[in-house]
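J.: Give the three-dimensional model of this entry:
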Amino acid sequence: MVFAIIQGVRAVKLSGQNAILPATAALLILLYLMPVAAAQSTTGLSLSNSSDSDGRAIYVEGYITGGDEVHDKTTYPIPGAIIYFIKDQQVVNQTKSNAIGYYNVVITSGTYSVVTAAAGFQTLMDEQEFKGTRTLNRQLKKVPYAGIVPYAVNPVLETSPGREAACTICVENSQLQDQYVSFGLQTPEVDGKNWAGWCPEGQMLGIRSGSQREITFMFQYNGDQRGAYVWYVLVTGGSFYAKIPVVVVVKDMPYESLDLYSNYPSRTVKAGDTARFVFSVNNGYARDKPLTLEIQKPDGWGATTGNGTLYYAARAEVASSDFWVYVPQDTPPGPYTVNLTLKGQDVSSNMLTLYLQVEGTPAYEAVIKGYKASAQGYPSINLTDGDAFDIPVRVYNDGEFPIDIMVTAEVGENWAYYMSGAPWDKITVEPGSGSDLIIRSRVPNGTTGNYTAKIYLDGGGQTKTLMALLNVTSSESPPIKSDALGGLLLAGGTAGVITVSLLATARKRRRY
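T.: Here you go, the predicted structure:
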């Protein structure tokens, strides 16, 4: 009989809004006759932490009704009531009842904590087992009417250790006079020492007649357990007293994680080299995390940070650390990996993989072009003071993947220089190809002597230094010595005598 009534109600509901209205009176009569689910007390609740689900999707439906007493057969539908299904510290599904108190949800099989709440009614919380599609009706007990109706706007909260959760309590005053209402908090019975609760707005409200006001309470859990806990908000106004339960589910939020990463996770090295990496961790949790670094590396290799394997990640911040990997001398050429994972209490980061390419030959070669080598084996450049000059450099990558190389230089005694072909002082050399850059500088006026130009290349896990010799002479003519000056004067005097003799001979010839 009851099954036929429920099916009839569903048929009326699905046939359209116009069909519901004519049947409203009949439905209300039928709802008075409906059996209700046995309501349990909100105290001594054991919230579900079950893992007995087999993953089957099941359909749950029912009606949420209200009465003056839990077992009162005179009931009526409650529209807008919220029903939550909680399992394994997760709110699996939630929904609201419609205008006739009907609801339906889809969940997986298992044991759930079911929480049902509505304004003006006491929250109903109990455990229910769902093995297949079933009907679950909920009957709520009305809060004793004293002209004041308090209720939780969001009776089920989700948070994580260290993160604050906010619950809004609304109080309606239908009395003919204004009313002051005071509030208190009762901590959960389980692990209450690790809970904190407070009201930023104070613990008293003045509510005018015929109006309503809201107040917000904050809850924070500072322990290490996960699960569902029940807080109680105590409401007192005149002779009125109410105890409103608020379920706080403590879990790891989906957006909370330890993200371990490196911007440059690849290095090309030779056997015997030490490769330097920098890794970072983004702590998305609301609490600081003391962590231990777990390292998976090839046998015989060395790997460490500046602080061993201990690591501390401050909450909601990004922290970085140097990480060195030593490659033994007898390591054969080839690709290798080192895996890093940060682990702490009840938390673990993702695994970061660092890649090392061990090559038998240098990862790249670099030379200074266009100048002959001196006796010391370095390119030699002859200059005079004030000369501008170029030092062309060619870098060749004989490795197996691209190499980013940082380039800096020291020319003479801190002479100014300009680098062409290396934007932001960096070049990228593709495998099997070369890249050119030019160091341009100028010898300061009045500078002479022997100097050097050093070009530093850092990339691919190795550092190279190129050097050129700069031989600078003066651009002015050499000074005249005293003996040379005497020779010049003698030569000038002789030339003058010869010139005078020639002029005298010419005059005599004109006379004859």
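J.: ok, now how distant is the residue lying closest to residue 149 once chain neighbours are set aside from residue 97?
T.: Leaving aside its chain neighbours, residue 149 sits nearest to residue 172 (4.3 Å; criterion: Cβ to Cβ, 6 or more residues apart in numbering). Where you see a C-beta, it was placed from the backbone N, CA and C, and this is true even at glycine. Distance, residue 172 to residue 97, using Cβ to Cβ, to the nearest Å: 20 Å.
J.: Which of those two has more residues huddled nearby?
T.: residue 97 (23 against 17; other Cβ atoms under 10 Å).
J.: Can you tell me how far the more buried one is from residue 140?
T.: For residue 97, the distance to residue 140 (Cβ to Cβ) stands at 11 Å.
J.: before we move on, what about residue 229?
T.: On the measure of Cβ to Cβ, residue 229 and residue 140 end up 22 Å apart.
J.: for this structure, what spans make up the helices?
T.: 2-14, 17-20, 24-33, 482-511 (DSSP state H).
J.: what residue ranges in this structure score low on pLDDT?
T.: For the chain, the stretches with pLDDT under 70 are 1-55, 69-73, 145, 360-363, 400, 461, 477-512.
J.: Quickly list the domain ranges of it.
T.: Here the domain parsing of the chain from automatic domain parsing is 1-142, 146-254, 258-358, 364-473.
J.: wait, what's in contact with the nearest residue to residue 413 once chain neighbours are set aside?
T.: Setting aside the residues directly before and after it, residue 413 is nearest to residue 451 in space (Cβ to Cβ, 6+ apart), at 6.8 Å. Contact partners of residue 451, counting by Cβ atoms under 8 Å, 6 or more residues apart in numbering, are 411, 412, 413, 469, 470, 472.
J.: Please name the bridge partners of residue 451.
T.: Note on residue 451: beta-bridge partners by DSSP bridges are residue 470.
J.: Quick one: distance of stretch 381-396 to the chain centre.
T.: 47 Å (Cα atoms, centre = their mean, to the nearest Å).
J.: Just the buried positions in it, please.
T.: Of all the residues in stretch 381-396, those buried under the rule 16 or more other Cβ atoms under 10 Å are 381, 383, 385, 387, 389, 391, 392, 393, 395.
J.: Residue 128: which of those residues is nearest?
T.: Residue 128 has its nearest neighbour among these in residue 395, at 70.7 Å by Cβ to Cβ.
J.: what pairs with the closest one across the strands?
T.: Beta-bridge pairing of residue 395 under DSSP bridges involves residue 366, residue 435.
J.: any idea how far it is from residue 475?
T.: Taking Cβ to Cβ, one finds residue 395 at 33 Å from residue 475.
J.: Between residue 97 and residue 140, which contacts overlap?
T.: With Cβ under 8 Å, 6+ apart as the test, residue 97 and residue 140 both reach 64, 78, 81.
J.: Most neighbours of all the residues you listed, which one?
T.: residue 64 (31 neighbours).
J.: wouldn't that residue be in contact with residue 80 here?
T.: No: in this structure, residue 64 is not within contact of residue 80 by Cβ atoms under 8 Å, at 9.3 Å.
J.: shared neighbours of these two, anything?
T.: Common neighbours of residue 64 and residue 80 (Cβ under 8 Å, 6+ apart) are 97, 118.
J.: Excluding sequence neighbours, find me the nearest residue to residue 295.
T.: residue 303 (5.1 Å).
J.: what's the one you found in contact with, if anything?
T.: 295, 297, 323, 324, 325, 326, 338.
J.: cool, and residue 149?
T.: Counted by Cβ under 8 Å, 6+ apart, residue 149 has contacts 119, 120, 143, 171, 172, 174.
J.: Quick one: residues contacting residue 291.
T.: By Cβ under 8 Å, 6+ apart, the neighbours of residue 291 are 258, 281, 310, 311, 312, 313, 342, 343, 344, 347, 349.
J.: How about it: which residues does it bridge to?
T.: residue 311.
J.: Identify the bridge partners of residue 356.
T.: Bridge pairing for residue 356 - DSSP bridges - gives residue 267, residue 336.
J.: can you tell me how far it sits from residue 333?
T.: Residue 356 is 11 Å from residue 333, by Cβ to Cβ.
J.: The two: which is more packed in?
T.: residue 356 (24 against 11).
J.: okay but that one is in contact with residue 334, surely?
T.: No: Residue 356 lies out of contact with residue 334 (Cβ under 8 Å); the separation is 9.5 Å.
J.: hmm, who's touching stretch 182-190?
T.: With Cβ under 8 Å, 6+ apart, stretch 182-190 has contacts from 169, 195, 197-199, 203-205, 215, 217, 227, 229-237, 243, 248.
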